[in-house]
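S.K.: quick one, what's the 3D model for this:
(one chain, ligands or ions: 1)
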Amino acid sequence: MSIQTIKDVDLSGKRVLVRCDFNVPLKNGVITDDSRIDAAIPTIQYLVDQSARVILCSHLGRPKGQQVAEMSLAPVAEALSSKMKLPVTFIEDCIGPEVEQEVAKIGEGEIALLENVRFYSAEEANGVEFAASLAELADAYVNDAFGTAHRAHASTHGVTKHLSPCVSGFLIEKELAYLGEKTANPERPFTVILGGAKVSDKIQVIDALLEKADTIIIGGAMAYTFALAEGRTIGESLSEPDYIETAKSALEKAKAKGVRFILPLDNLGVKDLDFGAGTFNDPKYFEGNIEDGWEGVDIGPKSIALFKEVVASAKTVLWNGPMGIFEIDACNKGTFAVAETIAESDAISIIGGGDSVKAIKMSGFSDSVTFMSTGGGASLEFLEGKVLPGVDALDKKA
Ligand code: AMP
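M.R.: Reported below is the predicted structural model:
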């Protein structure tokens, strides 16, 4: 059943508490990536245009229930104000009588931003009193923080028990449309590319997507556990021997369902890798088996060519996880080639959060994809088919 959005309700004149994801990276008080602020603006602008009294809240970092000056949301208020060309009143706390007095001054179409909700440990503990105090500030609730929707916190979950209506903003609506509907009823062929470090982290996603995809491509260190399952050698590559049986079951399930399951044909192997320094010795491409002494760090040119060919014929592509240790320049070719291939394809392209979004931005192709998720853990849990508490708590459509 789908949830109600801000378009389904009348919020004009109402005090609306909006849970945003303003968890931006900061360096010496300066925001180094403002994409989360940009992503929140359509909802905020809509509420301003609807003459709502907009009360924004968010977490930033992990202050663990302490007031940590470096994790104040004050720089976000400033950045948001300059982007929207509207005043944003920053309130130096998020609950209590003084905050209530400040919020009472917010007029129709005006915006306030509360201080970091995680300055209270009751936020992450979903404390009943804390949630009730937050709810005191408003009449209605909008959740637009997809990145924390997989957590039942006071500002994503508890607060909904006290406010009505509780609806989603445009960002959550879009995330659910792309990660949900567009992958549940995809335009076919539907190709999924999964990478990253661990099979154990992604097996539930693989399992869920085996029900939907036509082709699943595996890269990254994850592929080495699958290589072990196929009886190949992987040298010193990162793998999870405890998950070989799991990998075998996934391969069998793919076969039974007629899903094409593609593993890398070749890999870049290196010796003496020092991740911190970004250095290594004896780089060499291996087709099939990787020899003892070498560690697989990226997919090779033959894999890239094959992956390109498969993506070129897809109508929907979903990508999550890098193809190699993309943080090191010499090991990022496979990941960036996948980014380029996806950007060049005419398919609906969905980039599922975290490192893949980072990689597509680093490679300069982020303008050419259909949708980039703002959630890391949340997008994975949603793709696994799990219910997200922050979404589940919202009002359902009749
Ligand atoms: P994940 O969070 O599971 O998507 O994994 C992302 C991490 O996987 C990145 O930090 C990559 O450096 C790492 N990774 C990808 N391929 C490899 C590889 N072949 N060996 C070691 N780490 C890898």
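
S.K.: ok, how many other residues are close to Lys302?
M.R.: Residues near Lys302, counting by other C-beta atoms under 10 Å, number 14. In short, each C-beta sits where N, CA and C put it, glycine included.

S.K.: mind checking what helix or strand follows the helix or strand hosting it in sequence?
M.R.: Element membership for Lys302 (DSSP states H and E) is helix 301-312. Next helix or strand after helix 301-312 toward the C-terminus (DSSP H and E): strand 316-320.

S.K.: that following strand pairs with which strands?
M.R.: strand 190-194 (parallel), strand 348-351 (parallel) (DSSP bridges).

S.K.: packing partners for the lowest-mean-pLDDT helix or strand in the chain?
M.R.: Least confident helix or strand, the chain: helix 354-362 with a mean of 87, by mean pLDDT, DSSP states H and E. Counting by 3 or more C-beta pairs under 8 Å, 6 or more residues apart in numbering; DSSP states H and E, the packing neighbours recorded for helix 354-362 are strand 316-320, helix 333-344, helix 377-383.

S.K.: can you redo these as TSV with mean pLDDT?
M.R.: Listed next are the helices and strands packed on helix 354-362 as TSV, based on pLDDT from 0 to 100:
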stretch	mean pLDDT
strand 316-320	97
helix 333-344	95
helix 377-383	93
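
S.K.: spatially nearest residue to Cys94 (excluding sequence neighbours)?
M.R.: Leu114 (4.0 Å; C-beta to C-beta, 6 or more residues apart in numbering).

S.K.: that neighbour and His59 touch, don't they?
M.R.: No: between Leu114 and His59 there is no contact under C-beta atoms under 8 Å: 10.7 Å.

S.K.: what about Arg36, distance to Lys255?
M.R.: Separation of Arg36 from Lys255 (C-beta to C-beta, to the nearest Å): 41 Å.

S.K.: neighbours around Tyr141, how many?
M.R.: Neighbourhood size, Tyr141 [other C-beta under 10 Å]: 27.

S.K.: can I assume it is in contact with Val16?
M.R.: Yes: with contacts counted by C-beta under 8 Å, Tyr141 reaches Val16, the gap being 7.2 Å.

S.K.: out of the strands paired with strand 316-320, nearest to Lys27?
M.R.: strand 348-351 (24.5 Å; C-beta to C-beta).

S.K.: hmm, that closest one touching the ligand?
M.R.: No: Strand 348-351 lies out of reach of the ligand by C-beta under 6 Å from any ligand atom, never closer than 12.1 Å.

S.K.: quick check, distance from that strand to the centre of its chain.
M.R.: Put simply, strand 348-351 sits 13 Å off its chain's centre (C-alpha atoms, centre = their mean, to the nearest Å).

S.K.: who touches that strand?
M.R.: 178-179, 182-183, 186-187, 315-320, 342-343, 357, 360, 368-373 (C-beta atoms under 8 Å, 6 or more residues apart in numbering).

S.K.: avg pLDDT for stretch 86-96?
M.R.: For stretch 86-96, mean pLDDT rounds to 98.

S.K.: skip the chain neighbours and tell me the closest residue to whichever residue of the stretch 51-200 of the chain sits closest to the ligand.
M.R.: The ligand sits closest to Gly196 of the stretch 51-200 of the chain, with a gap of 2.6 Å, by C-beta to the nearest ligand atom. In space, Gly196 comes closest to Gly321 once its chain neighbours are excluded; the distance is 3.1 Å by C-beta to C-beta, 6+ apart.

S.K.: tell me the contacts of the one you found?
M.R.: Contacts of Gly321 (C-beta under 8 Å, 6+ apart): Ile193, Leu194, Gly195, Gly196, Lys202, Gly219, Gly220, Met222, Gly354, Asp355, Ser356.

S.K.: swap in 6 Å and give it another go.
M.R.: Taking C-beta atoms under 6 Å, 6 or more residues apart in numbering, we find Gly321 in contact with Leu194, Gly195, Gly196, Gly220.

S.K.: ok, Gly390 next?
M.R.: Applying C-beta under 6 Å, 6+ apart, the residues contacting Gly390 are Asn143, Ala149, Thr156.

S.K.: filter these down to just the ones in strands.
M.R.: Asn143 (DSSP state E).

S.K.: now the contacts of Gly390 in TSV, with neighbour count, pLDDT and distance to the ligand?
M.R.: Putting those into TSV (neighbours: other C-beta atoms under 10 Å; pLDDT from 0 to 100; distance: C-beta to the nearest ligand atom, whole Å) gives the following:
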residue	neighbour count	pLDDT	distance to the ligand
Asn143	30	98	25
Ala149	31	96	19
Thr156	27	98	23
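
S.K.: circling back: would you show me how to pick out the buried ones of the contacts of strand 348-351 in ChimeraX?
M.R.: Restricted to buried positions by 16 or more other C-beta atoms under 10 Å, the ChimeraX selection for these reads:
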select :178,179,182,183,186,316,317,318,319,320,342,343,357,360,369,371,372,373
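
S.K.: got the residues of this protein near the ligand?
M.R.: Proximity of the chain to the ligand is confined to 196-198, 201, 220-221, 238, 296-297, 321-322, 324-325, 327, 354-355 under the rule C-beta under 6 Å from any ligand atom.

S.K.: try it again at 5 Å.
M.R.: Proximity of the chain to the ligand, by C-beta under 5 Å from any ligand atom, involves residues 196-197, 201, 220-221, 238, 296-297, 321-322, 324-325, 355.

S.K.: closest to the ligand among those residues?
M.R.: Gly196 (2.6 Å).

S.K.: okay, now the closest one: neighbour count?
M.R.: By other C-beta under 10 Å, the residues close to Gly196 number 22.

S.K.: and for Phe286?
M.R.: Close neighbours of Phe286, defined as other C-beta under 10 Å, add up to 20.

S.K.: that one reaches Pro264, doesn't it?
M.R.: No: if you go by C-beta atoms under 6 Å, Phe286 and Pro264 don't touch, sitting 9.9 Å apart.

S.K.: one step back: got the contact list for the next helix or strand after the least confident helix or strand of the chain?
M.R.: Going down the chain from helix 354-362, the next helix or strand is strand 371-372, by DSSP H and E. By C-beta under 6 Å, 6+ apart, the surrounding residues in contact with strand 371-372 are Tyr178, Ile350, Ile351, Val357.
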